[in-house]
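> okay, predicted coordinates and the sequence, questions at the end:
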Protein chains: 2
Amino acid sequence: MAEVARALGHPHRLALLEHIVRAERSVERLADLTDMSVANASQHLQQLKRAGCVQARRDGKNILYSLGQGPLAAVVAALHDYVAFKQDRIDQAIADSRQRPQEMESVSIDALVDRMNEGAVILVDVRPGDEFRKSHLPGAVNIPIPQLEERAKELSDNAHVVAYCKGPYCVLTREAVVILRAQGVEAAPLAGGVPEWRAAGYRLDEGV
Amino acid sequence: MAEVARALGHPHRLALLEHIVRAERSVERLADLTDMSVANASQHLQQLKRAGCVQARRDGKNILYSLGQGPLAAVVAALHDYVAFKQDRIDQAIADSRQRPQEMESVSIDALVDRMNEGAVILVDVRPGDEFRKSHLPGAVNIPIPQLEERAKELSDNAHVVAYCKGPYCVLTREAVVILRAQGVEAAPLAGGVPEWRAAGYRLDEGV
DNA sequence: ATAACCTTCAAGCAATTCCTTGATTCCTTG
DNA sequence: CAAGGAATCAAGGAATTGCTTGAAGGTTAT
């Protein structure tokens, strides 16, 4: 079973299959369509053949590859579906933050300092872990974007959250806020990032 | 898209996923179920997580992995379907040839010689290696029965294969043909073995 | 036959993947 | 806080994979 999955697990082979699903094609044609050398295409095709995903027949000078027997097309379709689903979620989050940027009022650095002194704010750093480790705003929690959705529950829900990223123009900040709000967390983007914070003369934490 | 397929493209990861589909499980449990080291399981799980196929949450001391969002289960199901389909065909082929052995027409020695002259045949000797070394039909390949299934792929699949063993009554010849056909190789048994070949006045090879 | 063409094979190198080991992090519990 | 369990990280060597190059199969066409 993994044999089939492995056969589908290479971009080139997947691309070849996508073309073969549509119609029988020769090796040269496929190589051209997928922008690879003929020899390379031939080798990938033979891997697909070994896995039973395609079959070959000769027609004159050419060897035509077509889809193998069985519900392979369904597998490819299911894969498409799944990937489309994931892409949709990303697109939607981005579109949201693009369409209604006005609804997302950012918090200025001074306002943030005030709120921090009141202890009424959770500061979330959404950059990758390695950047966070180098330096980050004091007391910030590091939750990279990919983990944000599932770790949103870590943030107590009656606290205001302020998210920041690399800088004031970083789209990811807004995206993060969209995600947090989708999880029911009251969140706002910081008007700036680490550089602005430093420029304002405040302290930074390092490590951890 | 290939990213997801690649994540599914390793036997261990697929095995992990099969268990995760059923229920949330801890790393240790999964490692035990799939018979791999904890560290190794952990690494594969993280690959799956990176691809978005699974999500992790902590529960007490353990970290529980569960299926990611979206119609991933459909992909796995489609894969199952497809593989089941192929397995069916193999089983069916075996059953067919067992139930109706009379349909397995053997190739006469004279017919074999004709075909060999045309170069349109691969001759497989399924006896143990030591017997093969003593003497065998010219040009024959030696693949003992136990290795036949896994080495079937060595035989180019658009060539006719003729298999032979010790003699015309040797059951192993038919068994070999069944195995080969199950692998999609067009195979037929020889009506006889080394003694009959010699008796017909043809040459034998020795050694190698 | 010979030539021309499409495809496959074979070999070698670079890059990646896989698994193991031992240390380390992270969290809960006493 | 300390102890302990669960999971992850990090690094290394073995194995596999992927791509390129040049040569070799086979098939039509001249």
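That came through, no problem.

> residues contacting the residue of chain A found nearest chain B?
Closest approach between chain A and chain B, counting by CB to the nearest CB: A:Gly9, at 2.9 Å. All C-beta spots, glycine's among them, are computed from the backbone N, C-alpha and C. With CB atoms under 8 Å, 6 or more residues apart in numbering or on different chains as the criterion, the residues that contact A:Gly9 are B:Ala2, B:Ala5, B:Arg6, B:Ala7, B:Leu8, B:Gly9.

> between those, which is nearest A:Ala200?
Proximity of the contacts of A:Gly9 to A:Ala200 (CB to CB) peaks at B:Ala7, which lies at 43.2 Å.

> and that closest one, how far from A:Ala73?
Per CB to CB, to the nearest Å, B:Ala7 is found 21 Å from A:Ala73.

> quick one, which of those two is more surrounded?
Between B:Ala7 and A:Ala73, counted using other CB atoms under 10 Å in any protein chain shown, the more crowded position is B:Ala7 (23 against 14).

> look up how far DNA strand D lies from that one.
Distance, B:Ala7 to DNA strand D, by CB to the nearest atom of the strand, to the nearest Å: 13 Å.

> tell me which element that residue is part of?
B:Ala7 is part of helix B:2-8 when elements are defined by DSSP states H and E.

> so how far is that helix from its chain's centroid?
Relative to the centre of its chain, helix B:2-8 is centred 23 Å away, using CA atoms, centre = their mean, to the nearest Å.

> how about that helix and chain A, any contact?
Yes - interface with chain A: helix B:2-8 contributes B:Ala2, B:Val4, B:Ala5, B:Arg6, B:Ala7, B:Leu8 (CB under 8 Å from any CB of the partner chain).

> that helix - contacts with which helices or strands?
Here helix B:2-8 touches helix A:2-8, helix A:11-22, helix A:72-99, helix B:11-22, helix B:38-50, helix B:72-99, going by 3 or more CB pairs under 8 Å, 6 or more residues apart in numbering or on different chains; DSSP states H and E.

> at 7 Å instead, please
Under the contact criterion of 3 or more CB pairs under 7 Å, 6 or more residues apart in numbering or on different chains; DSSP states H and E, helix B:2-8 touches helix A:2-8, helix A:11-22, helix A:72-99.

> ok, residues contacting it?
A:5, A:8-11, A:14, A:79, A:82-83, B:13-14, B:47-48, B:51, B:53 (CB atoms under 7 Å, 6 or more residues apart in numbering or on different chains).

> show the pLDDT at the residue of chain A positioned farthest from its centre.
Within chain A, A:Gly60 marks the point farthest from the mean C-alpha position, 45.4 Å out by CA atoms, centre = their mean. As predicted, A:Gly60 sits at a pLDDT of 86.

> any idea how far it lies from DNA strand D?
5 Å.

> for that residue, phi and psi?
phi 60, psi -130 (degrees, to the nearest 10).

> might one say that A:Lys166 is in contact with A:Val126?
No - counting by CB atoms under 7 Å, A:Lys166 sits too far from A:Val126 to count as a contact (9.3 Å).

> show me what from chain A comes close to DNA strand C.
Contact residues, chain A versus DNA strand C (CB under 7 Å from any atom of the strand): A:26-29, A:38-39, A:42-43, A:45-46, A:56, A:61-64.

> go again using 6 Å as the cut-off
Counting by CB under 6 Å from any atom of the strand, the residues of chain A close to DNA strand C are A:Ser26, A:Val27, A:Glu28, A:Val38, A:Ala39, A:Ser42, A:Leu45, A:Gln46, A:Ala56, A:Lys61, A:Asn62, A:Ile63.

> surely A:Ala191 meets A:Ser106?
Yes - using CB under 7 Å, A:Ala191 makes contact with A:Ser106 at a distance of 4.1 Å.

> show me what contacts A:Gly193?
Contacts for A:Gly193 (CB under 7 Å, 6+ apart) come out as A:Tyr164, A:Cys165, A:Lys166, A:Gly167, A:Pro168, A:Cys170.

> now do the SS call for the fourth one.
Per DSSP: H, G, I helix; E, B strand; the rest coil, the secondary structure class of A:Gly167 is coil.

> excluding residues flanking it in the chain, which one is nearest it?
Excluding the flanking residues, the one nearest A:Gly167 by CB to CB, 6 or more residues apart in numbering or on different chains is A:Gly193, at 4.0 Å.

> kindly indicate which of the residues of helix B:2-8 next to chain A lies nearest A:Asp91.
Nearest member of the residues of helix B:2-8 next to chain A to A:Asp91, counting by CB to CB, is B:Val4, at 17.2 Å.

> if we can go back for a sec, how about the residue of chain A closest to chain B, phi and psi?
phi -90, psi 20.

> go on, A:Arg174?
phi -60, psi -40.

> make sure it is actually in contact with A:Pro189.
Yes - taking contacts as CB under 7 Å, A:Arg174 lies within contact range of A:Pro189: 5.8 Å.

> and these two? Which one has more around it.
More crowded of A:Arg174 and A:Pro189, by other CB under 10 Å: A:Pro189, with 26 against 20.

> next structured bit after the helix or strand containing that one?
Under the criterion of DSSP H and E, A:Pro189 resides in strand A:187-193. Next along the chain after strand A:187-193, taking DSSP H and E as the criterion, comes helix A:194-199.

> helices and strands around that next one, which ones?
Helix A:194-199 packs on no helix or strand, going by 3+ CB pairs under 7 Å, 6+ apart.

> the nearest residue to A:Ser37 once chain neighbours are set aside: what's it in contact with?
Leaving aside its chain neighbours, A:Ser37 sits nearest to A:Ala31 (6.5 Å; criterion: CB to CB, 6+ apart). Neighbouring residues of A:Ala31 by CB under 7 Å, 6+ apart: A:Ser37, A:Val38, A:Ala41.

> quickly find the element holding A:Ala31.
A:Ala31 belongs to helix A:27-34 when assigned by DSSP H and E.

> so, low pLDDT: which residues of chain A?
A:93-94, A:96-104, A:119-120, A:129-130, A:133, A:146-147, A:149-159, A:169, A:182-184, A:206-208 (pLDDT under 70).

> list the contacts for A:Leu45?
For A:Leu45, the contact set (CB under 7 Å, 6+ apart) comprises A:Leu16, A:Val27, A:Val54, A:Tyr65.
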